[in-house]
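# Okay, here's the prediction I keep looking at, along with the sequence it came from:
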Amino acid sequence: MGDATVTVAILAGGQGRRLGGVDKGLQILDGKPLIAHVCEAVKAMHAPPGAHGNRDLMILANRNRETYSMIARTLLDDVDSGDGPLAGIATALSAITTPWLLTVPVDCPCPPLNLWRRLQSAIGDADCAVAHDGAHRQPLFALYRLGVAPSAKIAAKAALGPLAWQEQIDAVEVDFHDWREQFINLNSTADYIAYGNVSDE
């Protein structure tokens, strides 16, 4: 999408250890894969006031690339950028053509619909704006300027996590305490059961 102003990267590279090593993004929730729920939420997100509403979509995954590629452009984490979610963020920042990158994790089926709008409105001159749910920073729910791509790659190679790197680049925390329940993530079978919809498919 050549006229997009933001790329939304869904981080789906986790190893799913607490789910027995399965690919979390392809687990069934309410009759469809978790990745489908996240994509629907991303498409429904509110654009910032006065901003172009179009958005590119990208998936960062380390397996099942062919399956994910049927949904959106899919990239493997850059192995030279270390391990963990920051490797995916660094890979996405190196690959986008839009001025902004918005990240969300694949294990959150219902991220706030105002995530992009609120982060964009608060970022000011900062290079990153990151959600805070009122109790904790949510480092995988963040908006980045394209210009931080080199910094992200260096930090990933140094095995930093997203939170530590965000501290380095003086990220702005944005209050989402009123949307705290929307940051729920599904990491285990118990989480699926608690969410109310679990499937063995």
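All right, it came through fine.
# So which residues make contact with stretch 34-53?
With contact meaning Cβ atoms under 8 Å, 6 or more residues apart in numbering, stretch 34-53 is reached by 3-5, 8, 10, 12, 24-30, 55, 57, 59, 68, 71-72, 104, 106-111, 113-117, 120-121, 186. Where you see a C-beta, it was placed from the backbone N, CA and C, and this is true even at glycine.
# ok, of those residues, which come out buried?
The neighbour-count test (16 or more other Cβ atoms under 10 Å) marks 4-5, 8, 10, 12, 24-27, 29, 55, 57, 59, 68, 71-72, 104, 106-109, 111, 114-117, 120, 186 as buried among those.
# what's in contact with whatever helix or strand Ser121 lives in?
Applying DSSP states H and E as the criterion places Ser121 in helix 115-123. With contact meaning Cβ under 8 Å, 6+ apart, helix 115-123 is reached by 6, 8, 45-49, 51, 55, 100, 102, 104, 112, 129-131, 141-143, 172, 174, 176.
# what about that helix, distance to the chain center?
How far helix 115-123 lies from its chain's middle: 15 Å, per Cα atoms, centre = their mean, to the nearest Å.
# before we move on, back to that, mind giving me the ChimeraX command for buried ones among the contacts of helix 115-123?
Only the buried entries of those go into this ChimeraX selection, using 16+ other Cβ under 10 Å:
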select :6,8,45,48,51,55,100,102,104,112,129,130,131,141,142,143,172,174,176
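# ok, now which ones touch Gly84?
Neighbours of Gly84 in contact, by Cβ under 8 Å, 6+ apart: 156, 159, 161.
# how close does the residue at minimal distance from the centre of the chain sit to Ile10?
When Cα atoms, centre = their mean is applied to the chain, the residue found nearest the centroid is Val104 (1.8 Å). Using Cβ to Cβ, to the nearest Å, one gets 6 Å for the distance from Val104 to Ile10.
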